[in-house]
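Student: Sharing a model prediction with you, sequence too.
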Amino acid sequence: ETGVTQSPTHLIKTRGQQVTLRCSSQSGHNTVSWYQQALGQGPQFIFQYYREEENGRGNFPPRFSGLQFPNYSSELNVNALELDDSALYLCASSRYSGAKGETQYFGPGTRLLVL
Amino acid sequence: AQTVTQSQPEMSVQEAETVTLSCTYDTSESDYYLFWYKQPPSRQMILVIRQEAYKQQNATENRFSVNFQKAAKSFSLKISDSQLGDAAMYFCAYNQGGSEKLVFGKGTKLTVNP
């Protein structure tokens, strides 16, 4: 069984640029959630994708957007990068959105640094 | 909005001893789920234990157990026979039944001394 994978592992961008982060879900999972983890903080929910549609969103501006593909992999796109976007971005997959209390399994994350 | 509070930024324990990490949460819901995740320095978040709020029995997973006090909205994690590999950040997380998101606390950094 393949776990959740993310790419790239590290990324350096400058303010104002755009970035795309990628996530492959664990086999058998059809739901992907994205979290932002600032240094020294707990992860904050960005949004979730199920059946290729956004299924719930946290308190993040529209310049954070995403996609889910038919194979359940997902992308997180961030436009007009700001210094405060520097963080670890975590992807988590689960079996089914809406099923109560489904465990989310996390990938290793992408460390984004915005200069 | 639901909140999760971990009041211990750092904890330390001697190898082979027992340590308890605290977590409290605030919710008006009755249907929810609680989790403890471990995040080692390698960064990958790993599920330690899961508890359904409707179950009175405390969850256990080998050396890890929880003390779930629903009325007090408390969900502490006990690690028995601590091992060097237990050293990590530990996050308490809340999920409201049917909701898509996990709400995390700020974490507790656990150090295990040999």
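Tutor: Now that the structure is in, tell me what you want to look at. Numbering: from 1, shown residues only, chains lettered A, B, ... in the order given.

Student: which ones are touching the residue most central in space within chain A?
Tutor: For chain A, the residue nearest the mean C-alpha position is A:W34 (2.9 Å; CA atoms, centre = their mean). Under the criterion of CB atoms under 8 Å, 6 or more residues apart in numbering or on different chains, the neighbours of A:W34 are A:C23, A:F45, A:I46, A:F47, A:Q48, A:G66, A:S74, A:L76, A:Y89, A:L90, A:C91, A:A92. For the C-beta atoms, the positions are set from N, CA and C on the backbone; glycine is no exception.

Student: could you say which helix or strand contains the last one?
Tutor: According to DSSP states H and E, A:A92 maps onto strand A:87-94.

Student: re the thing from before, quick check: beta-bridge partners of the residue nearest to the centre of chain A?
Tutor: Beta bridges link A:W34 to A:F47, A:C91, judged by DSSP bridges.

Student: cool, A:Q6 as well?
Tutor: On the basis of DSSP bridges, A:Q6 is bridged to A:C23.

Student: How many neighbouring residues does it have?
Tutor: Using other CB atoms under 10 Å in any protein chain shown, A:Q6 is surrounded by 20 other residues.

Student: Could you tell me which residues of chain A lie near chain B?
Tutor: A:31, A:33, A:35, A:40-45, A:48, A:50, A:55-56, A:58, A:88, A:90, A:92, A:97-98, A:100-101, A:103-109 (CB under 8 Å from any CB of the partner chain).

Student: go with 7 Å
Tutor: For chain A, the residues in contact with chain B (CB under 7 Å from any CB of the partner chain) are A:33, A:41-43, A:45, A:48, A:55-56, A:58, A:88, A:90, A:97-98, A:100-101, A:103-104, A:106, A:108-109.
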